[in-house]
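J.: model the following, please.
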Amino acid sequence: MTISKELLDELLKGCERPEDFLGDAGPMKELKIRLMERMLGAELTAHLGYEDGKDAPVGQGNRRNGTFSKRLKGQDGEVPIAVPRDRDGSFQSELVKKGQTRIDGIDDKIVGLYAAGLSVRDTRAHLEDVYGLQVSPDLISRVTDAVLDEVRDWQSRALERMYPLVIFDALRVKIRDADSRMAKNKSV
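T.: Down below sits the predicted model:
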């Protein structure tokens, strides 16, 4: 699916400055919230062993049990998310742990791992080394699959024909005049 020009116009309606798009009321924050909620849903699916909307395996008493609201603080301010839960209360999210109140740059880290083309094994090692998260390869695959549609939509978005680029370059030169030294910037 490609993002149509009309959809982009609708998303950018009323956005005159970057803060309008990237700020608290902007669509970028909502996209981050929805991606996190989708990843949390994928984690619960991995925990329960069946997809959302499908019937649970026969004999399994643990089922999905709605969501609870949680507010996380990060670089973009407070982010309200809906964390899924199960009936037994045995679901422990690796993305948002119990008692966690901060998510400093988690979205940038996830996008960075995906953009770097890390394999499941590399992603697992990175999450364990840097963040202390021990996750299974199956969970990483499920989380990646859950966000894949949004990533494909973003990758296949319509681009402008031309993007203007301005490069400023200068050379810092120390000049000795009679009894003083001065540093001047010379444009190249």
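J.: same for the longest helix seen in the chain, what does it pack against?
T.: Of all the elements of type helix in the chain, the one with the most residues (DSSP state H) is helix 27-48. Taking 3 or more C-beta pairs under 8 Å, 6 or more residues apart in numbering; DSSP states H and E as contact, the helices and strands that helix 27-48 lies on are helix 18-22, strand 77-86, helix 106-115, helix 137-155. In this view, the C-beta of every residue, glycine as well, is placed from N, C-alpha and C.
J.: what strands flank the second one, and is each parallel or antiparallel?
T.: This means strand 77-86. When pairs are called by DSSP bridges, strand 77-86 turns out to pair with strand 64-74 (antiparallel).
J.: tilt between the strand it pairs with and helix 27-48?
T.: For strand 64-74 and helix 27-48, the angle between their directions (axes from the mean of the first three to the mean of the last three C-alpha atoms, to 10 degrees) works out to 140 degrees.
J.: CA atoms of strand 64-74 as PDB?
T.: What follows is the C-alpha trace of strand 64-74 in PDB, where atoms were taken according to Å, rounded to 0.1, in the frame of the first residue of the first chain:
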ATOM      1  CA  ARG A  64      -6.500 -11.900  26.600                       C
ATOM      2  CA  ASN A  65      -8.100  -9.600  29.200                       C
ATOM      3  CA  GLY A  66      -8.300  -6.200  27.700                       C
ATOM      4  CA  THR A  67      -5.800  -3.400  28.400                       C
ATOM      5  CA  PHE A  68      -4.800  -1.000  31.100                       C
ATOM      6  CA  SER A  69      -3.600   2.600  30.600                       C
ATOM      7  CA  LYS A  70      -0.100   3.600  31.400                       C
ATOM      8  CA  ARG A  71       1.700   6.900  31.000                       C
ATOM      9  CA  LEU A  72       5.400   6.800  30.000                       C
ATOM     10  CA  LYS A  73       7.800   9.800  30.000                       C
ATOM     11  CA  GLY A  74      10.200  10.200  27.200                       C
END
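J.: what average pLDDT does it get?
T.: Mean per-residue pLDDT for strand 64-74: 86.
J.: end to end, how far does stretch 130-140 reach?
T.: End-to-end distance of stretch 130-140: 16 Å, with C-alpha to C-alpha, to the nearest Å as the criterion.
J.: returning to what we had before: of all the helices and strands packed on helix 27-48, which lies closest to Thr67?
T.: Distances from Thr67 to each of these were compared using C-beta to C-beta; the shortest belongs to strand 77-86, at 4.0 Å.
J.: name the residues of that closest one that are buried.
T.: For strand 77-86, burial by neighbour count (16 or more other C-beta atoms under 10 Å) applies to Val79, Ile81, Ala82, Val83, Pro84, Arg85.
J.: then stretch 57-66?
T.: Buried residues in stretch 57-66, counting neighbours by 16+ other C-beta under 10 Å, are found at Arg64.
J.: how about the CA coordinates for the helix or strand where Ala125 lies, as PDB?
T.: Secondary structure here is read from DSSP states H and E; on that basis Ala125 sits in helix 120-126. Listed next in PDB are the C-alpha coordinates belonging to helix 120-126 (Å, rounded to 0.1, in the frame of the first residue of the first chain):
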ATOM      1  CA  VAL A 120      17.200 -11.600  14.600                       C
ATOM      2  CA  ARG A 121      20.300 -12.900  16.400                       C
ATOM      3  CA  ASP A 122      22.000  -9.600  16.200                       C
ATOM      4  CA  THR A 123      19.000  -7.800  17.400                       C
ATOM      5  CA  ARG A 124      18.700 -10.200  20.300                       C
ATOM      6  CA  ALA A 125      22.400  -9.700  21.200                       C
ATOM      7  CA  HIS A 126      22.100  -5.900  21.000                       C
END
